[in-house]
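Peer 1: My questions are about this predicted structure, shown below with the sequence.
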Amino acid sequence: MSGTPVIAFDRGSMPELIMDGKTGFLVKDVAEATKAVGKLSTIDPQFCRDHAIKKFSIDRMVDDYLAAYHHVISGGN
């Protein structure tokens with residue numbers, strides 16, 4: 001996993017994945033995206049990497065999927 005910041009439109013699941021101003025920027029249009037490129041140096045790559053590992057490592061994803069499957073199998077309780 002890398003410490004690469006992301007610029008994405010503020011739609012769908014992006015607000016759940018990106019910490020605006022911390023791991024990237026959520027923008028409303030192309031003009032905001034263009035401005036965000038100039039702010040990429042304000043993102044701490046180590047924080048970005050740590051966040052990605054905490055939220056999206058293979059171990060975390062496997063654990064979360066197993067928990068979801070167990071939840072469904074147990075009837076949602």
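Peer 2: Sure, I can see it.

Peer 1: For the chain, which segments are assigned as helices?
Peer 2: 14-17, 30-37, 45-56, 58-73 (DSSP state H).

Peer 1: Excluding residues flanking it in the chain, which one is nearest D29?
Peer 2: Nearest residue to D29 in three dimensions, chain neighbours excluded: F9, at 7.9 Å (C-beta to C-beta, 6 or more residues apart in numbering). All C-beta atoms are positioned from the backbone trio N, CA, C, and that covers glycine.

Peer 1: Centroid-nearest residue for the protein?
Peer 2: L17 (2.7 Å; C-alpha atoms, centre = their mean).

Peer 1: any idea how far K28 is from it?
Peer 2: Plainly put, L17 is 17 Å away from K28 if you go by C-beta to C-beta, to the nearest Å.

Peer 1: just M61 next, same as before
Peer 2: 29 Å.

Peer 1: ok, now G21?
Peer 2: 15 Å.

Peer 1: picking that back up, for the residue nearest to D29, list the residues it contacts.
Peer 2: 26-29, 33 (C-beta atoms under 8 Å, 6 or more residues apart in numbering).

Peer 1: Show me which pair in those is furthest apart.
Peer 2: L26 and D29 (11.4 Å; C-beta to C-beta).

Peer 1: neighbour-wise, which of those two wins?
Peer 2: More crowded of L26 and D29, by other C-beta atoms under 10 Å: L26, with 20 against 9.

Peer 1: Count the residues that sit near C48.
Peer 2: So C48, with other C-beta under 10 Å, has 21 neighbours.

Peer 1: per-residue pLDDT, it?
Peer 2: If you check C48, the pLDDT there is 92.

Peer 1: My read is that it contacts G3, right?
Peer 2: Yes. C48 lies in contact with G3 (C-beta atoms under 8 Å); the separation is 4.1 Å.

Peer 1: more neighbours, G21 and K28?
Peer 2: The residue with more neighbours, out of G21 and K28, is G21; 13 against 10, by other C-beta under 10 Å.

Peer 1: so who does the more buried one touch?
Peer 2: 42-43.
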